[in-house]
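> coordinates only, no sequence provided:
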């Protein structure tokens, strides 16, 4: 608890690292580029896994496990497949499609809707905790279908119904959705859909991708099936994934100068009760009331809203620390609601509730009757979840601009930064030129854009709608 | 479904592989020595994880994640530490204790009760699906404590309260518990406790280990803390783990010549309803009744007994397969209860229930009223769970012998095989001699043994109780 964390405004990047380390989320390990995910960080990842896994299963997917390592010969097969095919991105796909070859014989074997939770090791020169590390944890879905239509439907289902829903309703993180450009897509894909979020420094972060792979992998690994008419066809494929990068996104999304702020649906601990007493004879009564309130919270009926997990609450009865120290620690760790309970409160059968995401006095509710406190805490959790999302959405809107000339673009992309909606001629050279000159990339061609005839801000060639540019993580 | 699986009596080893492959649990991959865990096998592992993870958390443990790879320099440090220290067994410990060094400063930081779910890669010459593979999945606990007493208590808690409870009450697999001999323990440990089970071929399988590490790792990695008196001390450590090997044990434990038999608490699917009809006009009514029963099952209140998961039930309404094909498939896959529901049953508002673990007619209950069928199915699940355990325990007892001479031992260990309880002089040379001459090893020095003065069957030297010998996986 010793030193303060760096202020967001002073050094955003250091602020992020301070929070990750001081809140006990992760740290660099002795293994070059690899992190240790500490218990508090891993507990957030477990919450994410649980919500996502349930959505995958509710949409018909099952989990499996494929070997981490793949034979070198497989890589060569992929290299033949497509020029510019990024080897490091596709290793997972190869062992899986080599296996699917034996699993898929007939249309009866399709669709194959498989996900796996795994670790991945990639070569990375410059790493940053959660956002870019040599080893990370993720889920990767790999599906095979009998028709193009069905595979395309799957690609969108995962992006819109699972990833967007998870980002917005669980992470409280508003996202743009849409295809990547040819230049930004996964090289093995026919097209890539993505969710893109704006962090508090106005940079974009790609938070998840869903690829329509066409028949590329089926052809590379000769995965054919007999259709209903008795003919041999190549299977149609998708793949999709999100990773522990989302923990980094979550930290950057909502946290403040006091530490981590977590949306209640992903908080490993929803509420902490800090008993306050000066005299030893007060101790027993205050602790008893604190434990009663904790039990009330734990006994609330489980809800779909929390994936049927009970409310997680802790009574911080550690004798070796003062209440002030405890409040700071739980604030730093992002517990959504703090409960203060002292002899005076107890005399009034009441307590004080403090909400993590509001500043100063605004955060506190005084004289909350103990009898109704459990329900009030749940109300606050729900309100906080909604307001974190609304606040983030307002922030994104306030930092999104339609720009109509390249001069304006070049000025705005540095100061104030943000999402710039601009016309582009749809070509790779123009995209590359913009990236080289401004370091901004096209984050996506948003599904949300309106139809609008326009002219490319660089070449003046026609465009049928704006795309979203930003500097990105 | 084409060919029959090999009979247990004909070739136990091939019978096991047939079940693993035909029930869709796992298969060999193109990566040497590594398996693909298929959806049905992975679903069993997920059930295991969920039960174990809950027990770990209920006993105060938290999850974290440490890098897969470790710097070569760490290995050297371990090699210095102890002669005969098995490198391949301890790689996990090294990165973890190097990290704990920074986490542990004061007695206030202890105990550190950390678990991780991870994959492990080891060099294996001869592999067998689930039982021995180059890559496998596991959990590994690594705890640090302020006192020897507390660390020893943890070592026993995990073995007896978690691993034994899990093996017996979830896997329906009776286990012996106790320390390994010096020759069989983990070389980095002061002592190793284990659970040992008997498979249907009368061989032993080590199903989980819990190690008391003393201060060995704390000294190797210089992990010291300040105790309450202000003095520096080395931390006391434990480590413990179980792996996907348990899926193999589960298969070998209960399955029969028709396929997989799963204890209901670990079955991904508890019941399958197979609708039967000849005429198309019967289809609708039968399917509607099947779906009603399925809904009744799903709506039963969740129980601690199933970790608060709902009853998992499937109506097998696939039109392209005949009922007989479906029954065979679900039998092969080990679904505990099959429900037959045809027009005649429906006319009587009844159905037929078939329990997976009993032979022939014994398995069936006819004319079970549909209104009470859901509750009856749950009764059967509970009875089956108990009886699988009792049957396995009887089998183990029937194949355990007290032997009093080495001649008798050498005869019995081959035919009929089993667990041989014998006196041993407690020395490594005698243990090695027996292993070399008979291929039997000391599985454990069981907590369950009675005090009994005796003489070593090989050397005639004194012994204070019998130890358990067996041929092992």
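Great, that's in hand. No experiment lies behind these values; they were computed from the predicted model shown.
> when you work out contacts or count neighbours from here on, use the C-alpha atoms and nothing else.
Fine.
> what does chain A have sitting close to chain B?
A:29-31, A:34-39, A:41-43, A:62-67, A:69-71, A:95, A:98-99, A:114, A:135 (C-alpha under 8 Å from any C-alpha of the partner chain).
> same for the longest helix seen in chain A, what does it pack against?
Taking DSSP state H as the criterion, chain A has its longest helix at helix A:370-398. Here helix A:370-398 touches helix A:245-254, helix A:280-298, strand A:337-341, strand A:350-355, going by 3 or more C-alpha pairs under 8 Å, 6 or more residues apart in numbering or on different chains; DSSP states H and E.
> rewinding a little: in helices, which of the residues of chain A next to chain B fall?
Filtering those for helices - DSSP H - leaves A:39, A:41, A:42, A:43, A:95, A:98, A:99.
> mark which of the residues of chain A next to chain B are buried, thanks.
A:29-31, A:34-39, A:41-43, A:62-67, A:69-70, A:95, A:98-99, A:114, A:135 (16 or more other C-alpha atoms under 10 Å in any protein chain shown).
> where's the dip in pLDDT among the ones in helices among the residues of chain A next to chain B?
Ranked by pLDDT, those bottom out at residue A:95, which has 87.
> shouldn't it be in contact with residue A:66?
Yes: if you go by C-alpha atoms under 8 Å, residue A:95 and residue A:66 touch, sitting 7.3 Å apart.
> so residue A:422: helix, strand or coil?
Under DSSP: H, G, I helix; E, B strand; the rest coil, residue A:422 falls in the strand class.
> and the gap between the closest residue to it other than its chain neighbours and residue A:186?
Once flanking residues are discounted, residue A:422 sits nearest to residue A:466: 4.8 Å by C-alpha to C-alpha, 6 or more residues apart in numbering or on different chains. For residue A:466, the distance to residue A:186 equals 22 Å [C-alpha to C-alpha, to the nearest Å].
> more neighbours, those two?
It is residue A:466, of residue A:466 and residue A:186, that has more neighbours when counted by other C-alpha atoms under 10 Å in any protein chain shown, with 26 against 22.
> so who does that one touch?
A:421, A:422, A:423, A:424, A:445, A:449, A:450, A:452 (C-alpha atoms under 8 Å, 6 or more residues apart in numbering or on different chains).
> please indicate which of these are buried?
The buried subset of the contacts of residue A:466 - by 16+ other C-alpha under 10 Å - is A:421, A:422, A:423, A:424, A:445.
> burial of the nearest residue in space to the fourth one that is not next to it in sequence, as a residue count?
Leaving aside its chain neighbours, residue A:424 sits nearest to residue A:456 (4.1 Å; criterion: C-alpha to C-alpha, 6+ apart). Residues contacting residue A:456 under the criterion other C-alpha under 10 Å number 21.
> please apply the same query to residue A:28.
By the criterion of other C-alpha under 10 Å, residue A:28 has 18 neighbours.
> residue A:313 too?
Residue A:313, neighbours per other C-alpha under 10 Å, totals 21.
> same thing with residue A:308?
Quick note: residue A:308 (other C-alpha under 10 Å) scores 12 neighbours.
> same check on residue A:453?
Quick note: residue A:453 (other C-alpha under 10 Å) scores 11 neighbours.
> pLDDT score assigned to the residue nearest to it when sequence neighbours are not counted?
Closest residue to residue A:453 apart from its sequence neighbours, by C-alpha to C-alpha, 6+ apart: residue A:464 at 4.7 Å. Note on residue A:464: pLDDT of 92.
> looking at this, residue A:184 is in a helix?
No: Residue A:184 is assigned coil when assessed by three-state DSSP, not a helix.
> what stretches of chain A score poorly on pLDDT?
In the predicted model of chain A, residues A:1-2, A:69-92 satisfy pLDDT under 70.
> residue contacts, residue A:143?
A:111, A:112, A:113, A:114, A:151, A:237, A:238, A:239.
> tell me where chain A has helices.
A:12-22, A:39-58, A:72-81, A:87-103, A:148-156, A:165, A:216-220, A:245-254, A:280-298, A:323-332, A:343-347, A:370-398, A:406-414, A:428-438.
> next, format those helices as JSON lines and append distance to residue B:378.
As requested, those are exported to JSON lines (distance: least, C-alpha to C-alpha, whole Å):
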{"stretch": "helix A:12-22", "distance to residue B:378": "47"}
{"stretch": "helix A:39-58", "distance to residue B:378": "23"}
{"stretch": "helix A:72-81", "distance to residue B:378": "48"}
{"stretch": "helix A:87-103", "distance to residue B:378": "34"}
{"stretch": "helix A:148-156", "distance to residue B:378": "36"}
{"stretch": "helix A:165", "distance to residue B:378": "35"}
{"stretch": "helix A:216-220", "distance to residue B:378": "44"}
{"stretch": "helix A:245-254", "distance to residue B:378": "40"}
{"stretch": "helix A:280-298", "distance to residue B:378": "27"}
{"stretch": "helix A:323-332", "distance to residue B:378": "44"}
{"stretch": "helix A:343-347", "distance to residue B:378": "47"}
{"stretch": "helix A:370-398", "distance to residue B:378": "34"}
{"stretch": "helix A:406-414", "distance to residue B:378": "63"}
{"stretch": "helix A:428-438", "distance to residue B:378": "62"}
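> deepest in the core, which of those helices is it.
helix A:245-254 (a mean of 23; mean count of other C-alpha atoms under 10 Å in any protein chain shown).
> just the angle between that helix and helix A:370-398, please?
Computed by axes from the mean of the first three to the mean of the last three C-alpha atoms, to 10 degrees, the angle separating helix A:245-254 from helix A:370-398 equals 90 degrees.
> ok and helix A:245-254 relative to helix A:39-58, angle-wise?
On the basis of the same axes, to 10 degrees, helix A:245-254 is oriented at 110 degrees to helix A:39-58.
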